[in-house]
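Peer 1: model the structure of this input:
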Amino acid sequence: MPEQNDVSIVIPPEVLTELKDAVTLIKTKLDPYLVALTPEERKTLPKMSDKTVAFVEKTLGYTESTPEFAPPYMKVDEMKIDLKAVDDLTEIFKPLQQIESNLDDTLMICGSEAYVSALSYYNSVKMAAKLDIPSAKPIYDDLKKRFTNKVKPTDEPADQG
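Peer 2: Next comes the predicted model:
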């Protein structure tokens, strides 16, 4: 049965070098402006989604047109800076997010096709080893390690429930 091959990509070395350099440039330029959060910090922060952006923008407008309602501890100038950063970073994030999604999909397809090919070879060499074809056994013994179930025996019998 022929294997499906949806993707056959050969990226020239000079293109790979240019892409790596571009990624390094983006990382170097953005690093001073980016913050890393812990998983716990991510959970606890209030999130601003697409719907919330309009609310925040409208609220900022009201803080300027009717500032008497802004609490004295509110830093309107900092709110402006934060909202501008959201706008600026979103312009960078959205295209990178699309690239990341397409990279992930392409990696998945390429990996899947390579794995299916490897399984085809493995099954062929497995059959050859069962038929005692010379040189198949060492290859099979090496490759079968991938599928060895490394379950440690326990002192107690498994629940028969």
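Peer 1: what about V125, how many residues nearby?
Peer 2: For V125, the count of nearby residues is 21 (other CB atoms under 10 Å). Every residue, glycine included, has its C-beta placed from N, CA and C.
Peer 1: same deal with V76?
Peer 2: Other residues close to V76 by other CB under 10 Å number 13.
Peer 1: likewise for K144?
Peer 2: Neighbourhood size, K144 [other CB under 10 Å]: 13.
Peer 1: low-confidence ranges in the chain?
Peer 2: For the chain, the stretches with pLDDT under 70 are 1-2, 150-161.
Peer 1: and the strands in it, which stretches?
Peer 2: In the chain, no strands are defined using DSSP state E.
Peer 1: helices of that one, start to end?
Peer 2: In the chain, the segments counted as helices under DSSP state H are 13-30, 39-44, 50-65, 76-130, 136-143.
Peer 1: turn the ones you listed into TSV, including distance to N5.
Peer 2: Converted to TSV, those look like this (distance: least, CB to CB, whole Å):
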stretch	distance to N5
helix 13-30	21
helix 39-44	39
helix 50-65	39
helix 76-130	6
helix 136-143	22
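Peer 1: looks like K137 contacts L131 (just checking).
Peer 2: No. Here K137 lies out of contact with L131, judged by CB atoms under 8 Å, at a distance of 10.4 Å.
Peer 1: counting neighbours, go ahead and name the busier of these two.
Peer 2: K137 (14 against 8).
Peer 1: which residues are in contact with the closest residue to the more buried one other than its chain neighbours?
Peer 2: Of all residues not flanking K137 in the chain, A129 sits nearest, at 4.8 Å (CB to CB, 6 or more residues apart in numbering). Shown in contact with A129 (CB atoms under 8 Å, 6 or more residues apart in numbering): 136-137, 139-141.
Peer 1: which of those residues are buried? Put it as a PyMOL command.
Peer 2: Applying 16 or more other CB atoms under 10 Å to the contacts of A129 leaves a buried subset, and the PyMOL line that selects it is:
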select buried, resi 136+139+140
